[in-house]
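Asker: Provided below are the primary sequence and the corresponding predicted coordinates.
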Amino acid sequence: MIGRWLENRTKREQRAGPLAVVRTPPSAGVLSCRVLDPAGQALPHAEFTVDDTMGRTLVGGGTDPFGSFVATVPAGEYRLLVSAEGYVPYQVTVTVGEDSLASLGDVTLQVAQPPALPAPGDWEIDPAHSSIAFTARHIGLARVHGRFNSFAGVVRVADDMTQSAMHVVIDAGTIDTNVRMRDDHLRSADFLDVARFPTIEFYGDRFLHQGGNRWAVVGALSLHGVTRTVTLDTEYLGLGNGLQGEARAACRATTELHRDDFTISWQTLLARGIVVVGPSIRIDLDVQVVPKG
């Protein structure tokens, strides 16, 4: 017993600084590191996951404002993955001992090369490999997920990508939440009023590079007879080839819409006793484009 106590005390004393007082269960240890950029500056909010040998994630999260993270895990062997926007992911296998600190010290992430951009010209959305979906919340109830089943669009890629433009047209009547009664209500004058406004259109005319593979696409969204400026937070996924060898480019984009901005008043509907989705709606686009023939 005395020998075991002395062994554990020695392990605790080997820890540096504040970690010397971190209390852990007898069968666990502490894993830590600090994430830096190539200039030696801390990378706050870098993402990390700690997976066991079966591929199960035990711990995940983001680094603190100083680029550090500390995790207590059962003793064993783990795979640590560290990633940050615009950087090459870092992966390493590490063994964590009982009641001991496994510190990787400073981990430096290297800047990733951004993916090649599409060639200048007109590219059209491939609807078979694209989706426009949305997520909303019922007032006091669960989330509602839906999509639009019919849409088309063209991206005009300029020599200078920041001068590019895009036009997307959505058939509002093809809204689909997998509940017929709800879909009919969403098409009615209470919501989209598709009889008067059969399409939803987006004209994007500002492509702003945010670093790495991140872009902001700013444009005008026309919905329910109202036009508002909307920004798509876009992740460009790069170029590839289809089954027939055709060139393809892919991206994911998100934005949040507020229904009051488009004169769809949820307060009025609540006053009438209609249970509806909440005031904000998240839009998720997963898009592939091909050269326009």
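Answerer: Yep, it's here. Numbering: from 1, shown residues only.
Asker: hey, where'd the strands end up in the stretch 51-200 of the chain?
Answerer: Taking DSSP state E, counting those that start in this stretch as the criterion, the stretch 51-200 of the chain carries its strands at 57-62, 68-74, 76-83, 90-96, 101-108, 121-125, 131-137, 143-148, 151-157, 165-171, 175-176, 199-211.
Asker: Could you export those strands as a markdown table, including mean pLDDT and mean neighbour count?
Answerer: All C-beta atoms are positioned from the backbone trio N, CA, C, and that covers glycine. Below are the strands of the stretch 51-200 of the chain laid out as a markdown table (pLDDT from 0 to 100; neighbours: other CB atoms under 10 Å):
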| stretch | mean pLDDT | mean neighbour count |
| --- | --- | --- |
| strand 57-62 | 91 | 13 |
| strand 68-74 | 92 | 17 |
| strand 76-83 | 94 | 17 |
| strand 90-96 | 94 | 14 |
| strand 101-108 | 91 | 15 |
| strand 121-125 | 96 | 16 |
| strand 131-137 | 87 | 17 |
| strand 143-148 | 88 | 16 |
| strand 151-157 | 96 | 19 |
| strand 165-171 | 97 | 18 |
| strand 175-176 | 93 | 19 |
| strand 199-211 | 93 | 16 |
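Asker: of those strands, which approaches Leu285 most closely?
Answerer: strand 131-137 (5.5 Å; CB to CB).
Asker: Quickly note the distance from Val82 to Ala133.
Answerer: Val82 sits 30 Å away from Ala133, going by CB to CB, to the nearest Å.
Asker: Tell me the bridge partners for the nearest residue to Ala119 once chain neighbours are set aside.
Answerer: Once flanking residues are discounted, Ala119 sits nearest to Val157: 6.9 Å by CB to CB, 6 or more residues apart in numbering. Residues in a beta bridge with Val157, per DSSP bridges, are Gly121.
Asker: Distance-wise, check Val157 relative to Glu235.
Answerer: In terms of CB to CB, Val157 sits 17 Å off from Glu235.
Asker: so what's Val59 up against?
Answerer: 48-50, 71, 73 (CB atoms under 8 Å, 6 or more residues apart in numbering).
Asker: TSV please, covering these and showing distance to Ala116.
Answerer: Listed next are the contacts of Val59 as TSV, based on distance: CB to CB, whole Å:
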residue	distance to Ala116
Phe48	29
Thr49	28
Val50	33
Ala71	37
Val73	39
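Asker: Show me the protein divided up by domain.
Answerer: Using automatic domain parsing, the domain ranges for the chain come out as 2-108, 121-291.
Asker: Mind checking these for the one nearest to Pro114?
Answerer: That would be domain 121-291 among the domains of the chain, by CB to CB, at 5.5 Å.
Asker: what's the span of the closest one from first residue to last?
Answerer: Distance between the two ends of domain 121-291: 8 Å, counting by CA to CA, to the nearest Å.
Asker: will you turn the strands of the stretch 51-200 of the chain into a markdown table that also has distance to Ser188?
Answerer: Output for the strands of the stretch 51-200 of the chain, formatted as a markdown table (distance: least, CB to CB, whole Å):
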| stretch | distance to Ser188 |
| --- | --- |
| strand 57-62 | 42 |
| strand 68-74 | 50 |
| strand 76-83 | 45 |
| strand 90-96 | 51 |
| strand 101-108 | 55 |
| strand 121-125 | 28 |
| strand 131-137 | 16 |
| strand 143-148 | 15 |
| strand 151-157 | 21 |
| strand 165-171 | 16 |
| strand 175-176 | 11 |
| strand 199-211 | 16 |
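Asker: Mind telling me what element the nearest residue to His209 once chain neighbours are set aside is part of?
Answerer: Of all residues not flanking His209 in the chain, Trp215 sits nearest, at 5.9 Å (CB to CB, 6+ apart). Counting by DSSP states H and E, the element that carries Trp215 is strand 214-223.
Asker: residues touching Ser83, list them.
Answerer: Residues counted as contacts of Ser83 (CB under 8 Å, 6+ apart) are 46-48, 89-90, 109.
Asker: Can you pull the phi/psi pair for Phe66?
Answerer: phi -100, psi 10 (degrees, to the nearest 10).
Asker: Tell me if I'm right that the residue nearest to Ala119 and Pro118 touch.
Answerer: Yes. With contact defined as CB atoms under 8 Å, Val157 counts as touching Pro118 (4.9 Å).
Asker: Thanks again, I'm all set now.
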